[in-house]
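Chemist: coordinates only, sequence not included:
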């Protein structure tokens, strides 16, 4: 079956008519934002200079926290204690200035504005209908996501829709099960489990040119989120194989292994590889930071060839299409997953400053269709959240439009950040256009 390449793009997004509710949410977001900013200016003027001191406490607390987590105990506890004192001091100063209630109201207004903007820019896409596969197969992990498959009676729901359900049992090789299902005549493949399992089934589906459905029965379901699958509707996701639409999305590889989300190298991957990570994730991550970023950290061992020569980083994230990072809206999601590029984010540490040992960090983001990383030895990596060890060099490639994905008609069909502008001024313009004219003024390029 030939699939129309136009299904890759979010057809009809830019300039699409908005609902009355979307326009109302956009207007509310604008009013709340402008009101909060005006109230903040008035509060600073009315309570000067204490209001300035309140504001100054927060960057001081952030600096103390960063100083502390980059060191081992007891210095870590000193930094975190100083941060707590500064936060408590900001509250005490607000009370002294008789401005605590005003500050809380301003903060609540800003939080409400973000939520209103998120609702206003929520996207729903309809893809061209695709014929249901005659013999669809669902593979599911009964233990994934705290037992979601069992809790939602997923196997029974699948059978009611004519979908054969196959449960993974301890010791099973998922790839072998999927390939056996294809050999037995499967014409569509679905996976209910974590993103690592999704990658295996997606790989076989792409290789065999079969339609694939992502069932959000894992813990975080990041792939489902960026595909536009409603993560709260586990059973409804099965409708992708009854009356769903179809789109094409990309897959990515590292050293021949397919991944659907990302590969993390360096700081986070080192923490994941340490014993005890699953039992104490935060503590393990904090214990890893001093060895990677502290004053006595070794030089970075992850390098690549940049335009001006070799470059290095203490942490690298290579993703199947780029993530939005550091944004109030849509952070940690990918606006699109059909752009045909790898997203690369590198966290580089500068040289330690004399006297205090502080290492400044800078984050860089760019895209590429291929990327190669070198190391002095085996590299600890997190592939779609699974800890593995890879041999150097690490060769990444993107496989554009490799996977035929079915999306249930009741699901969004697009990432939460699909039409979110990159910068705050653009956000204001988009919300204004939506509220006044009923149109989404920005969206993914076709």
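Modeler: Everything's here; your move. Note that the structure is predicted; figures quoted are calculated from it, not measured. Numbers count the residues shown, from 1 in each chain.
Chemist: can you pull out the strands in the stretch 301-446 of the chain?
Modeler: 302-306, 309-313, 315-320, 342-349, 361-368, 370-373, 379-383, 386-390, 394-407 (DSSP state E, counting those that start in this stretch).
Chemist: among these, which is nearest residue 173?
Modeler: Smallest distance to residue 173 across the strands of the stretch 301-446 of the chain (CB to CB): 14.8 Å, for strand 386-390. In short, each C-beta sits where N, CA and C put it, glycine included.
Chemist: of the strands of the stretch 301-446 of the chain, which is nearest residue 35?
Modeler: Taking these one by one with CB to CB, strand 361-368 is closest: 32.3 Å.
Chemist: next, the buried residues of the closest one.
Modeler: By neighbour count on 16 or more other CB atoms under 10 Å, the buried set for strand 361-368 is empty.
Chemist: so what are the sheet partners of that strand and their directions?
Modeler: strand 342-349 (antiparallel) (DSSP bridges).
Chemist: which one of the strands of the stretch 301-446 of the chain is the most hemmed in?
Modeler: Mean neighbour count (mean count of other CB atoms under 10 Å) peaks for strand 315-320 among the strands of the stretch 301-446 of the chain, with a mean of 25.
Chemist: contacts for that strand next, please.
Modeler: 250-252, 254, 259-268, 292, 302, 323, 334, 337, 342-347, 371, 373, 396, 398 (CB atoms under 8 Å, 6 or more residues apart in numbering).
Chemist: still on that earlier bit, tabulate the strands of the stretch 301-446 of the chain (CSV), appending mean pLDDT.
Modeler: Shown next, in CSV, are the strands of the stretch 301-446 of the chain (pLDDT from 0 to 100):
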stretch, mean pLDDT
strand 302-306, 89
strand 309-313, 86
strand 315-320, 91
strand 342-349, 86
strand 361-368, 86
strand 370-373, 96
strand 379-383, 89
strand 386-390, 88
strand 394-407, 98
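Chemist: residue 164: which of those strands is closest?
Modeler: Residue 164 lies closest to strand 394-407 among those, at 15.8 Å (CB to CB).
Chemist: what about residue 38, which SS state?
Modeler: Using DSSP: H, G, I helix; E, B strand; the rest coil, the structure places residue 38 in helix.
Chemist: how many neighbours does it have?
Modeler: 11 (other CB atoms under 10 Å).
Chemist: got a pLDDT number for it?
Modeler: Residue 38 is assigned 92 on the pLDDT scale.
Chemist: wait, isn't residue 94 in contact with residue 107?
Modeler: No: at 10.8 Å, residue 94 does not count as touching residue 107 under the criterion of CB atoms under 8 Å.
Chemist: any idea how many residues pack against the residue nearest to residue 135 when sequence neighbours are not counted?
Modeler: Closest residue to residue 135 apart from its sequence neighbours, by CB to CB, 6 or more residues apart in numbering: residue 187 at 4.7 Å. Residue 187 has 16 neighbours, counted by other CB under 10 Å.
Chemist: against residue 413, how distant is residue 187?
Modeler: Distance check for residue 187 against residue 413: by CB to CB, to the nearest Å, it reads 22 Å.
Chemist: repeat that for residue 219.
Modeler: To residue 413, residue 219 is 23 Å away according to CB to CB.
Chemist: between the two, which has more neighbouring residues?
Modeler: residue 413 (23 against 14).
Chemist: in the protein, where is pLDDT below threshold?
Modeler: Across the chain, residues meeting the criterion (pLDDT under 70) sit at 1-17, 66, 69-72, 267-300, 326-330, 349-361, 440-446.
Chemist: tell me how it divides into domains.
Modeler: Annotated domains of the chain cover 20-124, 262-399 [automatic domain parsing].
Chemist: on that earlier part again, ok, the residue nearest to residue 135 - contacts?
Modeler: Contacts for residue 187 (CB under 8 Å, 6+ apart) come out as 133-136, 210-211.
Chemist: quick check, nearest of the residues you listed to residue 235?
Modeler: Among the contacts of residue 187, residue 136 lies closest to residue 235 (CB to CB), at 14.9 Å.
Chemist: doesn't residue 186 make contact with the closest one?
Modeler: Yes: here residue 136 reaches residue 186: they are 7.1 Å apart, a contact under CB under 8 Å.
Chemist: overlap in contacts, the two.
Modeler: Joint contacts of residue 136 and residue 186 (CB under 8 Å, 6+ apart) are residue 164.
Chemist: I'd like to know which of the strands of the stretch 301-446 of the chain is closest to residue 194.
Modeler: Among the strands of the stretch 301-446 of the chain, if distance is taken as CB to CB, the winner is strand 386-390, at 8.2 Å.
Chemist: ok, back up a step: can you say which of the domains of the chain is nearest to residue 181?
Modeler: Residue 181 lies closest to domain 262-399 among the domains of the chain, at 21.1 Å (CB to CB).
Chemist: for the closest one, how far is the first residue from the last?
Modeler: 14 Å (CA to CA, to the nearest Å).
Chemist: what do you get for stretch 136-145?
Modeler: Terminal-residue distance, stretch 136-145 (CA to CA): 23 Å.
Chemist: number the chain from 57, please
Modeler: Done: numbering now begins at 57, and the last item shifts to stretch 192-201.
Chemist: other residues contacting that stretch?
Modeler: 205-206, 210-211, 214, 218-224, 230, 233-234, 237, 242-250, 253, 257, 269, 271, 273-275, 277, 294, 297.
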